[in-house]
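A.B. asks: Fold the stuff below for me.
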Amino acid sequence: MIYFISAELDGFHGGSRSAVDVLEHLLGLATDLTVVSRGRCSIPDGHLDGAVETRLRWLTPPPTKAGVRARAKPLRYWIGWTRALPKQLVAQLSMNAYLNRLPPAVAIQNGFPDPNSYATRVYERARRRVMIVRSSPEAVTFFQRHKKELTVDWVATQLAVAHVLIFVSPQIRDSWSEIADISHVDQHVLPNTCREDDAAAVLSMSREALRASLDLPRNAFIAVCVAKIDPGKGQDTLVEALPGMVQAVPNLILLLVGKDNSPWAAKLKGTIHDLGLDEHVSFTGARTNPYAFISASDLMIHPSRAEGHSRVVLEAMLLRTPVLASQVAGVPSIAHGETGWLVPADDHVALLDAFVTLAGDQQLRRQLADNAEREYWRSFSRQEYRKRFQAIFQGLVETDRPAALRP
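C.D. replies: Got it, this is the predicted structure:
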């Protein structure tokens, strides 16, 4: 039995959407697959050529004690926990019975395991453990705000006991190799890809038509940043540069596309208001498909402090929107001079200087977009992704397939 474990499959962020890509391609290989996730996605309809007939099951892990939320009073906490406990115990027993009946031969963990999640028990019980590593050691610092047990040392231990590690970029592989003892582990690199079908629908419209459909000003210079409004994504660095950006480009509109309901996002909005720049910034909230905003923009800015293999940068490349991004983790394996401009993270002066140059040179932006589009189709297309995926996963899946069904 093949198990695919992902914290969620119905999210808007790149990790969730990339997990759906993995699921789609697993459906093209595995005859018997159980998906373990808190959230379900619609079953991908990629209809890969030569796909096998897959028996697909869904398994929802039970909540943990930490998942019971009661913020107001201790009494409410204990009432909530007491009410949740019977359901939690029943869910645990049900999940254990399922695993005993269909023990995992191969468990594929999308991202780092959650120390508090019962889904991690599925991964630990598998005869062969496969982990898809999407984040750098630096990113763990930001994860710890919500999961204190998820430390760099804990992750390093998990990497060392895996049988197969699949990194989304060479840089992520190398950075973890310096920390974790993984020389004995089978290692691969599988870069992300994009939804080319969704992009095609957007690319069929002119930029003017896209702006009209999104109620964006036709003649403004529009820069877009697509990411959850979060310290790890570095939007504060972008806001630090914003006064200089507006001074250089008075008709600038900055679109911040991503979940923006956190206290940190509220603080960022307050800073923009204090600067008197509200009219130059639009918070759109999380969007199921950010492609239209990217394609309608003159420039994508991605000031992240920690990345794996930035899917949103790939999306900009596919949509022919030039990229200005932080030089962190796996980003240089995508954008590297001729395909996008990189600046140090946390350096608003360098970000501003690069923005002024790019905003003032339409020909340069067009050349970057042309180069980036060619690089996407050459190195990161879904066709290339499928080739790499099959080369990595075919053997893993074959070990769980009945002999009569093996080619």
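A.B. asks: What pLDDT does the model give residue 44?
C.D. replies: Per-residue confidence at residue 44 stands at 59 (pLDDT).
A.B. asks: what about the strands in the stretch 151-300 of the chain?
C.D. replies: Using DSSP state E, counting those that start in this stretch, the strands of the stretch 151-300 of the chain run over 164-167, 186-189, 221-226, 252-257, 281-285, 299-302.
A.B. asks: got a list of what the residue lying closest to residue 113 once chain neighbours are set aside touches?
C.D. replies: Nearest non-adjacent residue to residue 113, counting by CB to CB, 6 or more residues apart in numbering: residue 120, 4.3 Å away. All C-beta spots, glycine's among them, are computed from the backbone N, C-alpha and C. Residue 120 makes contact with 5, 113, 114 under the criterion CB atoms under 8 Å, 6 or more residues apart in numbering.
A.B. asks: Go ahead and confirm residue 390 touches residue 26.
C.D. replies: No: counting by CB atoms under 8 Å, residue 390 sits too far from residue 26 to count as a contact (10.7 Å).
A.B. asks: So these two - more neighbours on which side?
C.D. replies: residue 26 (21 against 16; other CB atoms under 10 Å).
A.B. asks: Name the residues of the helix or strand where the more buried one lies that come out as buried.
C.D. replies: Taking DSSP states H and E as the definition, residue 26 sits inside helix 14-27. For helix 14-27, a neighbour-count test (16 or more other CB atoms under 10 Å) marks 14-27 as buried.
A.B. asks: Same list (those) but as a markdown table, adding distance to residue 149.
C.D. replies: Below are the buried residues of helix 14-27 laid out as a markdown table (distance: CB to CB, whole Å):
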| residue | distance to residue 149 |
| --- | --- |
| 14 | 24 |
| 15 | 19 |
| 16 | 22 |
| 17 | 26 |
| 18 | 24 |
| 19 | 22 |
| 20 | 27 |
| 21 | 28 |
| 22 | 25 |
| 23 | 27 |
| 24 | 31 |
| 25 | 31 |
| 26 | 28 |
| 27 | 32 |
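A.B. asks: Past the lowest-mean-pLDDT helix or strand in the chain, which element shows up next along the chain?
C.D. replies: Least confident helix or strand of the chain, by mean pLDDT, DSSP states H and E, is helix 74-101 with a mean of 71. Next helix or strand after helix 74-101 toward the C-terminus (DSSP H and E): strand 106-110.
A.B. asks: partners of that following strand in the sheet?
C.D. replies: strand 2-5 (parallel), strand 128-133 (parallel) (DSSP bridges).
A.B. asks: So what touches the shortest one?
C.D. replies: Outside of strand 2-5, the residues that reach it under the criterion CB under 8 Å, 6+ apart are 22-23, 26, 30, 32-37, 59, 104-110, 113, 119-120, 122-123, 126, 396-397, 400.
A.B. asks: next one: the longest one
C.D. replies: Counting by CB under 8 Å, 6+ apart, the neighbours of strand 128-133 from elsewhere in the structure are 22, 105-113, 123, 158-159, 161-168, 172-173, 176, 190, 308, 396, 399.
A.B. asks: Kindly report the same for stretch 147-155.
C.D. replies: Residues outside stretch 147-155 that contact it (CB under 8 Å, 6+ apart) are 112, 114, 115, 116, 137, 140, 143, 144, 179, 180.
A.B. asks: Show the low-confidence segments of the stretch 1-150 of the chain, by residue range.
C.D. replies: Within the stretch 1-150 of the chain, the ranges that satisfy pLDDT under 70 run 44-53, 64-85, 144-146.
A.B. asks: Send over the host helix or strand of residue 365 as CSV, restricted to the C-alpha atoms.
C.D. replies: Using DSSP H and E, residue 365 falls within helix 362-379. Taking Å, rounded to 0.1, in the frame of the first residue of the first chain, the C-alpha atoms of helix 362-379 are listed here in CSV:
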residue,chain,number,x,y,z
GLN,A,362,10.8,48.3,-20.6
GLN,A,363,13.1,46.6,-23.0
LEU,A,364,15.1,45.0,-20.2
ARG,A,365,11.9,43.7,-18.6
ARG,A,366,10.8,42.3,-21.9
GLN,A,367,14.1,40.6,-22.4
LEU,A,368,14.0,39.1,-18.9
ALA,A,369,10.4,37.8,-19.6
ASP,A,370,11.5,36.2,-22.9
ASN,A,371,14.4,34.5,-21.4
ALA,A,372,12.4,33.3,-18.4
GLU,A,373,9.7,31.9,-20.5
ARG,A,374,12.2,29.9,-22.6
GLU,A,375,13.9,28.6,-19.4
TYR,A,376,10.5,27.5,-17.9
TRP,A,377,9.6,25.4,-20.9
ARG,A,378,13.1,24.0,-21.2
SER,A,379,13.6,23.1,-17.5
